[in-house]
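In: Have a look; sequence and predicted model below, questions after that.
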Amino acid sequence: MKKLLYVFIATLLMSFLLPSCRDNPEPDPCENGFNQEAMFSNLVNNLILPGYQELEAKVNTLANKSDAFLNNVSQTELDALREAWESAYISWQKVAQFSFGPAGNTSLRKHLNSFPTNRAIIEVNVDANIWDFTTYARFDKGFPALDYIINGLDSTDQAILNKYNIENNNYKTYLNEVVTDIQSRVQDVNAEWRFSYNQVFVTNTGTAEGTALSQIVNALSENYELIKREKLGVPSGVTNLGFVYPNRTEGYYGKISTPLLKQALQSAKDFYMGLDGPGLDDFLIEIDAEKEEELLAEVIENRFDFAINIANELEEPLSEIISENAQPVVRVYNEVAANMVPLKTDMPSVLCVAITYIDNPSDSD
Amino acid sequence: MKFFYTVMLFGIFLGMAACVEDDDSGSTYEVPDTYSFSPLDYSGQVQRIGMLYEMKNYMASASISGTTLDADRLKAMFTNAAAADFIQSYEPTKQLRNKTFDSEQTHFESLMEAIALASQSLETATQGQAGRITTQDGIKTYLLGEGGVEYAQVIEKGLMGACFYFQSTAVYMGESKMNVDNSESDPEEGTAMEHHWDEAFGYFGVPIDFPFNTDGLFFWGDYSQKRNAILDCNRKMMDNFIRGRAAISNNDLETRDLMIVDLREEWERIIAASALHYINVAINNFEDSAIRMHALSEAVAFIYCLKFNPEKSLTIAQIDAFMTDIGGSANFLEMNLYSNTISNLLIVRDELAAAFQFSSIKDQF
C-alpha cells in the first residue's frame, strides 16, 4: 500500500516535471475579480446593438433599391441594387459571429448566408414560381441567392436585365421575396436585442453552459472556424486534397469575396478585443493567462493581426486568385488556423468555459 | 474548495495518463495529443483517397438526367490508367483496384458497368426501371438501377470497406505488416512498422489534429464525425491511433496490440451505427421513394463493409443475411430495394442493433 502511494507521488511529481505534457498550474481562474457584466455591456453597446442597427439600415436600403429596380429595370437601378447588396453583405460580416440569443434561436446565419448558393434549385423555384423560405436547407435564399440573381443570371448585364424584362417575370417575385425574407429576419433579431435580450445577456454571468461568457467564447471560436473552412479552406482546396473550388467562394458572382473576408477577420478581432473597451483580451490579462511564456491575450491578438495583414495583401476576388494559384489564399487559411488552438482550447480552458458547439463540416448525407 | 482541489488532482492524474505510457522496461514515453509524428508519410493513402474522391464526384455528376457515365473511364479510375482523366496526378504505381479485397475487384467493375448503363436512362426511377428520382422536397436527385440500388453509393461505400477499411484493419494492422523491422529508421518513413501503422492511419481520412480540426475529412473520417455525437468515436479512434504509433516508436508492442483490438472494434461500431442510421432514415421517410432508396443503398453498402474486418463481430453468412433481408440478395446487382416494408425494416434494424449492443440507442442514430 505504501509502495503504491510512492508510485502515486512519484508519477504525480513527474507530471509536473514534464513540461510538454502539462503547463504549470495557474491560479484558479474560475474565481477572479474580472467584471463580466462590464465586458458584456461593452460588447452589447458597442458591437452587437450598433452592428444589428447598421445591418437593418443597410437591409432597408437594399429593400428600397430592390423596389426601385423592380419598378424600373435598368442598368442604373441594377448598379444601385448591387451596391446596396454589397454594403449589406459587408455589414452582415460584422454580426454573423453573434450567433447566440435571438440570432441563434432563429438560425439567422443559415437563413442569410448559406453558401455556395444552389443555382439549379433557384432556377427550378423560379420556373415553378414555388419556394419555401422557412427552410435554409435548399441553399436558395439569403445574400448568396441574391448574389446569383442580381450578378450571375447571365454573362452580361444586358442579358441579366433582359431576364427581368419579361412580362409576368418570376425572377422579379423571387428577388422581392428573397429581400423581404432577409429584411424581416434581421428586423426581428434586431428588435429582440434592443427591447429585451440585451439585459438578459448582460446579467447572464458565470461560466456554465448557456452563460453569456460561454456563448461568446463558443461563438467567437465557431465563427472563426467557419471563416477558416467556408471562406478559405473549401474554395482553396485545403480541405479537399488540393481540389480547388473557385465558385464556392462567398459573393462569387459579384466578386466581393475579398472585402467580405477582410471585414470578417477584422470583426472577429474587434469581438475578441471588445474594441477599446473591456473584452476577452482584458479578461485573459486579468487572470495572467500565459501560453508558452507569452501572455495568451497577446498571442491571440498577434495571430489575429497576422491573419488580417496577410489577407490585406489580397486584392483580386478569391475565386480569381484561386483559379490562378491558390497559395496566397492558403496562406491566409494557415494564419487563421494558427489561432484555433488559442481560441478553441487555451482560452476556454483558462476561462473555465466548455466548447459546446458541434462542428459540422459536411452537409452531405 | 477542497472538492475543487480533489478534482484538480484527479484531472492532473488523468492528463498525465494520457501523455505518459509505461513500456515493458518500466521507463516512460510521451504520447502526443495529435498524430504529429516525425518522420511521417502516408502519401499513398492520400492519393487513393483522392482517386475515390474523383470517382465519387464523377458518379455524382450523373444525377442530372442526360449526363451519361462511361464505364471504361470508371474502370480506368479504379486502376489509375490514363483514361481515368483524373484532375490531379497520382503516382502510376498507386491505384485502388489492387488494394481492394481480391475476390471483390471484378464485382466493382460490374457495378461500374451497371451505373454506366443506368445513367443512359431518361426515365424516372421506379421498380423495374432504372433512372433518376428526386426527393419530395426537390433538393436531391439520385440515379438508381432497376432494383432501386443507387450504384454510386454502393461503389463508393463498398470501396471504403473493401479497400480502405480492409487495408487498414486487416492488412496494415495484420501480422504480415506488423511483425516487421522496427529498428532501422528511414529518414522519410520511419521504421517499417511505424510506416505501416501510419498507412493504416492514412485510410481513416482525417487531419493529424482531428477531432480538434475537422477540415479535410474524407470518407471514414466524415462518417466518424457524423456518428460522434452518439459514439464519441472521434476521440477514441484518434487516441488509439496515436497511442499505437507512440507505442511502436517505443517498442511497446503490447500496447500496440491492444490498440489494434480497440481500433478494429471502434471502427466496426462506426460502420454498424452508420448502417443503423440509414435504416432509420429509410423508415422515417418511407413515403419518399427517393430518400428511401438512397438511404437503403447506403445501409446495404455499410453492412457490406462489415465483412472486411479480420475480427468482425458477425460472420460473412450473417452479414449476407442482413443484406438479403433488405435487398432480397447479398449481391448489389441483384437487389430489389423496393420490396421493403416499414415492419421488415424495423426487424432488420433491431436485429442489427442487437448484434452490436446498440439496442438501447437504436432509435437515436
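Out: Thanks, I have the structure now.
In: Which strand or helix spans the spatially closest residue to B:A82 that is not a sequence neighbour?
Out: Nearest residue to B:A82, sequence neighbours excluded (C-beta to C-beta, 6 or more residues apart in numbering or on different chains): B:A76, at 7.0 Å. (Glycine included, C-beta is placed from N, CA and C.) Using DSSP states H and E, B:A76 maps to helix B:71-79.
In: Touching that helix from outside, list them.
Out: B:51, B:54-55, B:58-59, B:81-86, B:95-98, B:108-109, B:112-113, B:115-117 (C-beta atoms under 8 Å, 6 or more residues apart in numbering or on different chains).
In: go again using 6 Å as the cut-off
Out: B:M55, B:A83, B:A84, B:Q95, B:L96, B:R97, B:E109, B:M112, B:E113, B:A116 (C-beta atoms under 6 Å, 6 or more residues apart in numbering or on different chains).
In: In CSV, list the C-alpha atoms belonging to that helix.
Out: Extracted in CSV, the C-alpha atoms of helix B:71-79 (Å, rounded to 0.1, in the frame of the first residue of the first chain):
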residue,chain,number,x,y,z
ALA,B,71,-17.8,2.5,-67.7
ASP,B,72,-14.4,2.4,-69.2
ARG,B,73,-13.5,5.7,-67.5
LEU,B,74,-14.7,4.4,-64.2
LYS,B,75,-12.6,1.3,-64.6
ALA,B,76,-9.6,3.4,-65.5
MET,B,77,-10.2,5.4,-62.3
PHE,B,78,-10.2,2.2,-60.5
THR,B,79,-6.8,1.2,-61.9
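In: Flag every buried residue along that helix.
Out: By neighbour count with 16 or more other C-beta atoms under 10 Å in any protein chain shown, helix B:71-79 contains the buried residues B:A71, B:R73, B:L74, B:K75, B:A76, B:M77, B:F78.
In: Within the helices and strands, which one has B:Y142?
Out: Per DSSP H and E: strand B:141-144 holds B:Y142.
In: quick one: strands adjacent to that strand?
Out: Strand pairing for strand B:141-144, determined by DSSP bridges: strand B:131-134 (antiparallel).
In: Quick one: distance of the partner strand to the chain centre.
Out: In terms of C-alpha atoms, centre = their mean, to the nearest Å, the centre of strand B:131-134 is set 26 Å apart from its chain centre.
In: what does it contact?
Out: B:S65, B:S121, B:E123, B:T124, B:A125, B:T141, B:Y142, B:L143, B:A290.
In: State the distance from the most centrally placed residue in chain B to A:E225.
Out: In chain B, the centroid-proximal residue (C-alpha atoms, centre = their mean) is B:W220; its distance is 3.9 Å. According to C-beta to C-beta, to the nearest Å, B:W220 and A:E225 sit 22 Å apart.
In: for B:E184, same thing?
Out: Noted for B:E184: a distance of 41 Å to A:E225, by C-beta to C-beta.
In: Do a quick rundown of the helices in the stretch 201-350 of chain B.
Out: B:220-231, B:233-249, B:253-284, B:289-305, B:316-327, B:342-355 (DSSP state H, counting those that start in this stretch).
In: what residues does the fourth one touch?
Out: Translated: helix B:289-305. For helix B:289-305, using C-beta under 6 Å, 6+ apart, the contacting residues are B:133-135, B:142, B:144, B:148-150, B:153-154, B:157-158, B:161, B:165, B:271, B:274-275, B:278-279, B:281-282, B:285-286, B:322-323, B:326-327, B:337.
In: What is the distance between that helix and the centre of its chain?
Out: Distance, centroid of helix B:289-305 to centroid of chain: 14 Å (C-alpha atoms, centre = their mean).
In: any idea how far A:P328 is from A:Q97?
Out: 24 Å.
In: Would you mind telling me which of those two has more residues around it?
Out: Using other C-beta atoms under 10 Å in any protein chain shown as the criterion, A:Q97 and A:P328 rank with A:Q97 on top: 27 against 19.
In: Who are the contact partners of the more buried one?
Out: A:Q97 makes contact with A:A219, A:N223, A:F271, according to C-beta under 6 Å, 6+ apart.
In: ok, the residues you listed vs chain B, which is closest?
Out: Nearest to chain B out of the contacts of A:Q97 is A:N223 (C-beta to the nearest C-beta; 14.9 Å).
In: roughly how far out does the helix or strand the closest one falls within sit from the chain middle?
Out: In the assignment (DSSP H and E), A:N223 maps to helix A:212-226. Offset of helix A:212-226 from its chain centre (C-alpha atoms, centre = their mean): 10 Å.
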